[in-house]
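**Student:** Take a look and give me a structure for this.
(chains A, B, C and D)
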There are 2 protein chains.
Amino acid sequence: MRPYDERFASLLGHAARVFAQQGYHSTTMRDLAAASGMSLAGMYYYVKGKEELLYLIQERCFASVLEGATQAVARSADPAERVQAFIHHHVAFFAAHMAEMKVLSHEANSLTGDLKRRVNAIKRRYVDLLEGLLQGVAPDETPVDRSAAAYGLFGMMNWMYNWYDPAGEIHPQRLADLIARIFLGGFAEARSTVHGG
Amino acid sequence: MRPYDERFASLLGHAARVFAQQGYHSTTMRDLAAASGMSLAGMYYYVKGKEELLYLIQERCFASVLEGATQAVARSADPAERVQAFIHHHVAFFAAHMAEMKVLSHEANSLTGDLKRRVNAIKRRYVDLLEGLLQGVAPDETPVDRSAAAYGLFGMMNWMYNWYDPAGEIHPQRLADLIARIFLGGFAEARSTVHGG
DNA sequence: CGCATGTTCGAACGTTTGTTCGAAAATGGA
DNA sequence: TCCATTTTCGAACAAACGTTCGAACATGCG
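**Tutor:** Modelled structure (predicted):
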């Protein structure tokens, strides 16, 4: 069953690349067949249809990010360090899996029905994780502002797919440092200064 | 010629709303006909085709944002205040024109050929405007980091379409204040403190 | 080899898509 | 009223879409 798994993973990988480049809705099953080196009908042996392909890409990617972030965050007890670890992990993962993360960010509403609901369930856990961390660095902030700040941070990070070039001169770690500096410096600094002084 | 202009504007408005809700590629000309109260063929009297509809929405919206930002920024000479004015204008405009701005942000690559090139030309002017402002608040930063910071700020602001509810409890001005505080506090504060002290 | 199981694919189906066309309807000035 | 112009639309078209089906091919065990 090894060749099966390899071809399945290869199909998902090629599909993620094409979805990222052309967008989900304007990608045809024939495009995916050409990119993966399979025939049109052959893909249906591995997958129920086009939407399941998108679901599998999003679900696997999201579950992987969530697990990685949970581990990265657990390595520290300091609130600011935990947020920084979250940012570093997210940016590094994004840079290392650009296609999948772009599909996750940009095609967030391309799934329908139960598949969409299942991905959204993971998303909620991921958002909750960050909001919990923000409670640590800005406990005096109102929940509404903390939530808005969390979305702002996600925006800074997820917007990557619109401009970031992994082969360019900005190393992922440097970008993560910059984002963490902007966010922690601007959102939490005033409070931690007060608390620390 | 008044009724013509009104119906044309109405068509663009309804199209922007449907594009924002369903996405450009999964919106059919029949959807737009139903939403605008026109017949399928009737729309082609006003517009060359589906892609021109998207182009007109993006071009008009982008030109309007650019002009508004230019004016808003011109009201101050202080670098930090100019960045703050840019942020406030962008967020307020976004909240006031959610449908068009979502179409602008989310369908940035749905145009092709010359139409895409024309919208990208305006985008470049808009990005250049912000990067110029950032040079004022962080002149010692490397151009690469300043550029990345600009994209980060755009990410914070444009991500709005994924979560912001104009009818919710966060007033646009409050969101703009929060974003400006995060960005200016984190990106420029260290430098301006050094320079000021 | 013979045969069952796993895997691939050409061809086709029914539907939906953006767009076109010619005619009908409305409009407004003389 | 008549006529020319502007505006609307039903009907249809060709192309492209996701999906299905049955047959072909490969594989490996007895």
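**Student:** For DNA strand D, tell me whether the strand or helix carrying residue A:55 is touching it.
**Tutor:** Assigned by DSSP states H and E, residue A:55 belongs to helix A:50-74. Yes: using CB under 7 Å from any atom of the strand, helix A:50-74 reaches DNA strand D at A:50, A:51. Placement of C-beta: from N, CA and C, glycine included.
**Student:** Quick one: distance of that helix to the chain centre.
**Tutor:** What separates the centre of helix A:50-74 from the centre of its chain is 7 Å, taken as CA atoms, centre = their mean, to the nearest Å.
**Student:** Enumerate the positions of it that are buried.
**Tutor:** Judged by neighbour count using 16 or more other CB atoms under 10 Å in any protein chain shown, the buried positions of helix A:50-74 are A:50-51, A:53-59, A:61-62, A:65, A:69, A:72-73.
**Student:** Which elements pack onto the following helix or strand past that helix?
**Tutor:** Next helix or strand after helix A:50-74 toward the C-terminus (DSSP H and E): helix A:79-96. Here helix A:79-96 touches helix A:50-74, helix A:113-137, helix A:143-158, helix A:172-183, going by 3 or more CB pairs under 8 Å, 6 or more residues apart in numbering or on different chains; DSSP states H and E.
**Student:** Report pLDDT for the closest residue to DNA strand D within chain A.
**Tutor:** Of all residues in chain A, residue A:49 sits closest to DNA strand D, at 2.9 Å by CB to the nearest atom of the strand. For residue A:49, the pLDDT comes out at 97.
**Student:** residues contacting it?
**Tutor:** Contact analysis of residue A:49 by CB atoms under 8 Å, 6 or more residues apart in numbering or on different chains lists nothing.
**Student:** now swap in residue A:67 and tell me
**Tutor:** Applying CB under 8 Å, 6+ apart, no residues qualify as near residue A:67.
**Student:** Let's see the pLDDT reported for it.
**Tutor:** Residue A:67 carries a pLDDT value of 98.
**Student:** go on, residue A:170?
**Tutor:** 97.
**Student:** Tell me how many other residues crowd it.
**Tutor:** 16 (other CB atoms under 10 Å in any protein chain shown).
**Student:** Check the secondary structure at it for me.
**Tutor:** coil (DSSP: H, G, I helix; E, B strand; the rest coil).
**Student:** my read: it touches residue B:148, true?
**Tutor:** Yes: with contact defined as CB atoms under 8 Å, residue A:170 counts as touching residue B:148 (6.0 Å).
**Student:** what pLDDT does residue A:1 get?
**Tutor:** 55.
**Student:** outside of stretch A:157-168, which residues touch it?
**Tutor:** A:20, A:87, A:90-91, A:94-96, A:98, A:101-102, A:105-106, A:170, A:172, A:175, A:179, B:108, B:151-152, B:154-156, B:158-159.
**Student:** what about it, how long is it end to end?
**Tutor:** Its start and end residues considered, stretch A:157-168 measures 17 Å (CA to CA, to the nearest Å).
**Student:** Export the helices and strands packed on helix A:79-96 as TSV, with columns for distance to residue B:43.
**Tutor:** Compiled in TSV, the helices and strands packed on helix A:79-96 are given as follows (distance: least, CB to CB, whole Å):
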stretch	distance to residue B:43
helix A:50-74	28
helix A:113-137	30
helix A:143-158	34
helix A:172-183	43
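**Student:** Figure out which of the ones you listed is closest to DNA strand C.
**Tutor:** Comparing the helices and strands packed on helix A:79-96 by CB to the nearest atom of the strand, helix A:50-74 comes nearest, at 12.5 Å.
**Student:** Compute the inter-axis angle for the closest one and helix A:113-137.
**Tutor:** 20 degrees (axes from the mean of the first three to the mean of the last three CA atoms, to 10 degrees).
**Student:** Okay, angle between helix A:50-74 and helix A:79-96 too, please.
**Tutor:** 140 degrees.
**Student:** is any part of helix A:50-74 close to DNA strand C?
**Tutor:** No: using CB under 7 Å from any atom of the strand, helix A:50-74 stays clear of DNA strand C, coming no nearer than 12.5 Å.
**Student:** what's the answer for stretch A:35-43, then?
**Tutor:** Yes: using CB under 7 Å from any atom of the strand, stretch A:35-43 reaches DNA strand C at A:38, A:39, A:40, A:41, A:42.
**Student:** So for that stretch, mean pLDDT?
**Tutor:** 97.
**Student:** For it, list the C-alpha coordinates in PDB.
**Tutor:** Provided in PDB are the C-alpha atoms of stretch A:35-43 (Å, rounded to 0.1, in the frame of the first residue of the first chain):
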ATOM      1  CA  ALA A  35      -0.400  18.900 -12.900                       C
ATOM      2  CA  SER A  36      -0.400  15.600 -11.100                       C
ATOM      3  CA  GLY A  37       0.400  13.500 -14.100                       C
ATOM      4  CA  MET A  38      -2.800  11.500 -13.700                       C
ATOM      5  CA  SER A  39      -5.800  11.100 -16.000                       C
ATOM      6  CA  LEU A  40      -9.000  13.000 -15.300                       C
ATOM      7  CA  ALA A  41     -10.900   9.900 -14.300                       C
ATOM      8  CA  GLY A  42      -7.900   8.500 -12.400                       C
ATOM      9  CA  MET A  43      -8.200  11.100  -9.700                       C
END
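**Student:** what does it contact?
**Tutor:** A:7, A:10, A:11, A:14, A:15, A:17, A:18, A:29, A:30, A:32, A:33, A:53.
**Student:** For chain A, which residues are neighbours of DNA strand D?
**Tutor:** For chain A, the residues in contact with DNA strand D (CB under 7 Å from any atom of the strand) are A:27, A:28, A:29, A:30, A:40, A:41, A:44, A:48, A:49, A:50, A:51.
**Student:** before we move on, the earlier item: most neighbours among the residues of stretch A:35-43 next to DNA strand C, which one is it?
**Tutor:** residue A:38 (18 neighbours).
**Student:** Tell me the secondary structure at that residue.
**Tutor:** coil.
**Student:** For it, give me the backbone phi and psi.
**Tutor:** phi -100, psi 170 (degrees, to the nearest 10).
**Student:** Contacts only, for residue A:184.
**Tutor:** Neighbouring residues of residue A:184 by CB under 8 Å, 6+ apart: A:80, A:83, A:84, A:137, B:186.
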